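Student: coordinates for the following, if possible.
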Amino acid sequence: MVDRIGSILGSKGREIWSVAPEATVYDAIALMAEKSIGAVLVLSDRVLVGIVTERDYARKVILQGRSSKDTRVGEIMTAELVTVGPDSTVDECMRLMTRQRIRHLPVIDQGSLAGMVSIGDLVNAVISDQAHTIDQLHTYIASSYPA
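Tutor: Take a look at the predicted model:
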């Protein structure tokens with residue numbers, strides 16, 4: 001059963017897609033499109049300073065009539081980050097994401113950025129765990145009974 005965030009990172013990988021606060025929003029959105037992701041972390045001198053998401057783009061650029069090529073990531077990023085550790089459980093993270101209304105959680109391990117999980121990663125982990133449980137139940141039910 002994969003119920004710890006560290007296990008999910010071990011399975012999906014710890015690759016981190018990021019931009020600098022000085023990058024244009026256009027560059028951030030282009031990276032998201034290229035990697036088929038919904039958010040990128042914002043790093044300044046290898047330090048996590050924020051996150052920029054498709055939601056930030058829609059609400060803080062498009063709806064405000066700003067230009068993605070003239071707006072810097074640092075102007076629209078979310079700087080008050082919600083993070084988790086590798087020992088956090090899938091259930092804890094799902095509750096946190098629901099309560100905070102967010103879809104991405106940076107993972108911090110001993111003060112260092114270890115990766116990021118999305119709501120999709122967590123849902124996939126739950127589905128995988130449920131499939132494993134169903135397989136075990138089928139095996140148990142199908143096993144022969146002692147005579």
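Student: low-confidence ranges, this protein, go.
Tutor: 1-2, 129-134, 138, 144-147 (pLDDT under 70).
Student: all helices of it, in order?
Tutor: 5-12, 25-35, 54-57, 73-76, 90-100, 119-142 (DSSP state H).
Student: for the longest one, which outside residues touch it?
Tutor: I take that to be helix 119-142. Residues from elsewhere that reach helix 119-142, judged by CB atoms under 8 Å, 6 or more residues apart in numbering: Met1, Val2, Asp3, Ile8, Lys12, Val90, Cys93, Met94, Met97, Arg103, His104. Heads up, the C-betas are built off the backbone N, CA and C, glycines and all.
Student: ok, Thr53 - how many residues close by?
Tutor: A count of neighbours around Thr53, defined by other CB atoms under 10 Å, yields 21.
Student: please name the nearest non-neighbouring residue to it.
Tutor: Nearest in space to Thr53, with sequence neighbours left out and distances taken as CB to CB, 6 or more residues apart in numbering, is Ala39 at 4.1 Å.
Student: doesn't Ile51 make contact with the one you found?
Tutor: Yes - when contacts are counted by CB atoms under 8 Å, Ala39 is listed as touching Ile51 (5.6 Å).
Student: between the two, which contacts overlap?
Tutor: Listed as contacting both Ala39 and Ile51 by CB under 8 Å, 6+ apart are His104.
Student: what subset of the contacts of helix 119-142 is buried?
Tutor: Buried members of the contacts of helix 119-142, counted by 16 or more other CB atoms under 10 Å: Val2, Ile8, Lys12, Val90, Cys93, Met94, Met97, Arg103, His104.
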